[in-house]
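> Here's a sequence, model it:
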Amino acid sequence: MKKLFTIGAMVLSLFAVAQNNEAKMNAFVSSLMSKMTLDEKIGQLNLVTPGGGVATGAVVSTDVEGKIKAGKVGGLFGVIGVDKIRQAQELAVTGSHLKIPLIFGSDVIHGYKTTFPIPLGLSCSWDIPMIERSARVAATEASADGLCWVFSPMVDIARDPRWGRVAEGAGEDPYLGSQISAAMIRGYQGTNLAADNTVMACVKHFALYGAAEGGRDYNTVDMSRIKMYEYYLPPYKAAVDAGVGSVMSSFNEIDGIPATGNKWLLTDLLRRQWGFKGFVVSDYTSVSEMIDHGMGDLQTVSALALNAGLDMDMVAEGFLNTTKKSLPEKKVTQAQIDAACRRILEAKYKLGLFDDPYRYCNPQRAAKEVLSADKRAAAREFGVHSTVLLKNSNQTLPLKKSGTIALIGPLANNKSNMLGTWAVSGDAQLSVPVLDGMKAVGGSGVNIVYAKGANVTDDPELAKRANVFGERVDVGPGTPEQLLSEAVATATKADVIVAVVGEASEFTGEASSRTDLSLPQSQRRLLDELAKTGKPLVVVLMSGRPLTIEHESSLATSLLQVWFEGHEAGNAIADVLFGAYNPSGKLSMSWPRNVGQIPVYYNHKNTGRPQDDTKPGQKFRSNYLDVANTPLYAFGYGLSYTSFSYSPVQLSKNTMRASEKITATVTVTNSGNYDGEEVVQLYIRDMVGSVTRPVKELKGFQKIRLRKGESRQVSFTIDDEMLKFWNSDLKHVSEPGAFKVFIGGSSDNVQEANFTLMK
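Numbering: from 1, shown residues only. The predicted structure follows:
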């Protein structure tokens with residue numbers, strides 16, 4: 001009892017401290033706002049980029065220095081480095097009337113200057129503590145270099161790999177996506193935003209951006225409210241619940257109104273239903289882009305955005321140039337301007353910028369933290385954990401550190417593509433190519449012979465588009481025929497072939513949608529010829545999305561999906577190939593057999609005429625004439641160098657009431673020859689509902705490590721909250737009836753049991 005009183009007293013004490021801190025902040029901000037002119041208040045709503053730094057959009061702000069001195073800028077992004085950030089901050093705190101500091105942001109998507117695996121790759125680790133640590137490491141490095149605000153995490157659920165920005169997210173599942181979303185917020189923001197090694201996170205893109213029609217970037221999104229609440233909104237809600245400081249609106253429309261001007265989204269849902277207290281920033285020029293959506297001129301769309309609940313205008317400067325005119329015309333109110341201004345000032349207060357505008361501008365910290373050895377070591381660790389083994393016939397992997405290995409492919413000795421898309425602050429030339437990693441990890445006992453074999457693509461137009469941020473697709477030396485001939489000759493000298501193929505890094509990311517998800521013809525031809533040699537063929541595949549590789553998968557003896565692993569790519573890939581790390585990654589997004597299957601995802605619903613997958617090709621069933629319904633590689637799938645077996649599922653009881661719980665247990669055994677890690681996955685199906693339910697839904701997972709021969713019981717607690725869904729009245733409810741429990745190593749390889757939820 002004494003312990004309970006002590007805990008209660010601590011909680012009350014922390015609550016009192018929080019209330020006191022909020023009261024101090026409110027008093028400070030109110031006092032400051034009482035001194036501000038209308039122009040200065042509107043100025044806080046203006047986020048600009050001066051150009052000449054990091055390119056993240058097509059428009060660059062003008063006369064940034066003059067606007068800062070005039071109090072017409074609230075924040076800057078695209079400025080990198082302590083010296084430049086300090087210089088800009090000095091303009092604000094010494095040159096402007098009220099000396100209000102600027103907030104400095106940047107796209108820190110997968111690491112800062114030390115680049116980690118792309119987020120889609122990190123999500124395949126299913127290692128939530130590690131993912132949180134990746135954000136913590138990135139925050140430490142970014143804040144040491146002057147930044148205090150990051151435009152991350154990107155939590156958009158995506159079921160269509162044609163959309164290039166799947167590379168930036170966590171895949172197709174709302175439960176896994178929510179776990180990762182919250183972890184990233186904790187990692188970035190820590191427990192004290194005013195600390196000089198934390199940053200304010202900005203969850204994006206709110207909302208539904210990942211469901212763009214046809215997988216075409218910036219395109220229309222149209223879906224039911226049930227689909228929103230059930231599948232697409234949970235990761236954003238998880239970020240809000242984790243205390244995210246800011247939210248970025250998305251480019252797409254929702255219910256016919258662009259997100260940036262959508263009051264239901266930004267006010268009714270985000271603030272009133274979810275209780276979000278931070279500020280909302282637009283995406284890059286998404287305010288002015290509402291003109292092309294057909295919502296009116298700049299003044300009209302800017303007023304629409306402010307009325308909707310948008311606080312900060314990124315680059316469009318619609319707030320700066322039209323709000324003062326809209327106020328007397330009663331298109332906006334003073335209260336709306338004040339509310340937006342207050343939220344931005346509160347963010348700066350929480351970051352400690354009013355106490356010390358130069359809190360994040362310590363050159364000594366920058367010298368110590370940026371691109372430091374521990375950051376590189378972390379990148380390598382994150383890389384090996386992100387790797388997914390898709391195939392391993394004849395136990396070809398891990399490779400022996402002896403004999404001759406032919407390392408072939410356009411991405412085998414290539415620094416330019418190792419970082420992946422949206423590594424805006426990373427220097428690709430500091431990356432480790434696969435050839436260097438193989439030599440370093442393989443050691444002197446193995447002979448590695450190299451040939452390029454093919455260009456990433458021989459299509460000059462595709463190459464031109466991929467090279468928009470620098471050369472990602474290089475051509476030659478030699479003709480395609482000469483490259484291929486050299487590769488085959490090199491392969492014949494080897495005991496095993498390792499072919500490193502895939503996308504160029506800028507084949508994915510923003511404005512990089514594709515309708516053809518196959519490997520370029522140059523690389524398909526290379527793999528065909530290498531397979532004809534009869535040598536064991538290990539395919540190392542780099543991409544920022546699931547690809548259509550059914551034929552290539554059939555050619556490969558082993559297939560290793562490595563995504564884009566960042567600065568330590570070569571070392572991390574070599575660690576996995578040579579067995580220094582046993583791959584444990586599991587896919588967070590289903591891989592289609594061909595583009596015609598898209599969208600294909602595990603948590604689909606049955607039709608009234610479902611296809612029995614054990615009896616393909618039945619007439620008058622929901623299927624295709626030319627391909628199976630099932631994906632090539634399912635959500636949650638991933639092999640290991642060892643093997644894991646699962647016992648039948650044991651339930652603690654077969655019925656439960658809403659106030660009760662059931663424990664589901666399996667015994668997992670490492671039945672192979674290597675120590676390894678396994679992601680044990682729990683899925684549940686509601687067999688009968690007032691609205692149709694998916695065939696299964698991920699509801700939990702545990703990543704465990706087992707020595708060879710070791711067995712362990714893994715248990716999951718099932719409660720009523722797991723059984724809830726959004727009904728047609730948008731109420732989150734559970735309903736009595738029959739349920740199935742599935743536990744296994746992937747969504748398509750599970751043991752199952754049954755229970756009933758009683759009234």
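
> what are the ranges of the helices in the stretch 301-450 of the chain?
318-326, 334-350, 363-369, 373-386, 434-442 (DSSP state H, counting those that start in this stretch).

> Need those in CSV (columns: distance to residue 557, mean pLDDT and mean neighbour count).
For the C-beta atoms, the positions are set from N, CA and C on the backbone; glycine is no exception. Shown next, in CSV, are the helices of the stretch 301-450 of the chain (distance: least, C-beta to C-beta, whole Å; pLDDT from 0 to 100; neighbours: other C-beta atoms under 10 Å):
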stretch, distance to residue 557, mean pLDDT, mean neighbour count
helix 318-326, 57, 98, 22
helix 334-350, 53, 98, 20
helix 363-369, 43, 97, 15
helix 373-386, 21, 98, 22
helix 434-442, 17, 98, 20
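
> how close does the spatially most central residue of the chain get to residue 515?
Residue closest to the average C-alpha location in the chain (C-alpha atoms, centre = their mean): residue 169, at 2.4 Å. Computed as C-beta to C-beta, to the nearest Å, the residue 169 to residue 515 distance reads 20 Å.

> Likewise for residue 497?
30 Å.

> Which one of these two is surrounded by more residues?
With neighbours defined as other C-beta atoms under 10 Å, residue 497 and residue 515 compare such that residue 497 has more, 26 against 10.

> ok, back up a step: so the residue nearest to the centre of the chain sits against residue 177, correct?
Yes. In this structure, residue 169 is within contact of residue 177 by C-beta atoms under 8 Å, at 7.2 Å.

> can you list residues touching both of those two?
123, 155, 157 (C-beta atoms under 8 Å, 6 or more residues apart in numbering).

> Who wins on neighbours among these?
Counting neighbours by other C-beta under 10 Å, residue 155 leads those with 33 neighbours.

> Next up, the contacts around that residue.
Residues near residue 155 by C-beta under 8 Å, 6+ apart: 169, 170, 177, 178, 180, 181, 203, 204, 235, 236, 238, 239.

> Same check on residue 430?
371, 415, 567.

> now these in CSV, with pLDDT and neighbour count?
Output for these, formatted as CSV (pLDDT from 0 to 100; neighbours: other C-beta atoms under 10 Å):
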residue, pLDDT, neighbour count
371, 98, 17
415, 97, 17
567, 98, 28
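
> which of those residues lies closest to residue 716?
Taking C-beta to C-beta as the measure, residue 716 lies nearest residue 567 of these, at 36.9 Å.

> Three-state assignment for that closest one, please.
coil (DSSP: H, G, I helix; E, B strand; the rest coil).

> can I assume it is in contact with residue 426?
Yes. Counting by C-beta under 8 Å, residue 567 touches residue 426, with 6.8 Å between them.

> Between the two, which contacts overlap?
Contacts common to residue 567 and residue 426, judged by C-beta under 8 Å, 6+ apart, are 111, 114, 115, 419.

> Can you say which two of these are spatially most distant?
Longest span within the shared contacts of residue 567 and residue 426, C-beta to C-beta: 114 and 419, 10.2 Å.

> what is in contact with the two at once?
With C-beta under 8 Å, 6+ apart as the test, residue 114 and residue 419 both reach 426, 566, 567.

> Tell me the pLDDT of the second one.
We note a pLDDT of 98 for residue 566 in this prediction.

> could you list every residue that touches it?
Contacts of residue 566 (C-beta under 8 Å, 6+ apart): 110-111, 114-118, 379, 382-383, 418-420, 423, 426, 431.

> Residue 414 and residue 583, how far apart?
22 Å.

> for stretch 605-618, which positions count as buried?
Residues residue 611 are the ones in stretch 605-618 that count as buried (16 or more other C-beta atoms under 10 Å).

> Name the surrounding residues that touch it.
For stretch 605-618, the external contacting residues (C-beta under 8 Å, 6+ apart) are 620, 621, 622, 623, 625, 628, 629, 630, 692, 693, 694, 695.

> Just the CA coordinates for it, please, in CSV.
C-alpha atoms of stretch 605-618 as CSV (Å, rounded to 0.1, in the frame of the first residue of the first chain):
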residue,chain,number,x,y,z
LYS,A,605,-11.5,-9.1,-47.4
ASN,A,606,-13.3,-12.1,-48.9
THR,A,607,-15.8,-11.5,-51.7
GLY,A,608,-19.1,-13.4,-51.8
ARG,A,609,-17.3,-15.8,-54.2
PRO,A,610,-13.8,-16.3,-52.6
GLN,A,611,-11.2,-18.2,-54.4
ASP,A,612,-10.0,-21.4,-52.7
ASP,A,613,-6.3,-21.1,-53.1
THR,A,614,-5.9,-24.9,-53.0
LYS,A,615,-8.2,-25.1,-56.1
PRO,A,616,-7.0,-22.4,-58.5
GLY,A,617,-8.8,-21.6,-61.7
GLN,A,618,-12.4,-22.3,-60.5
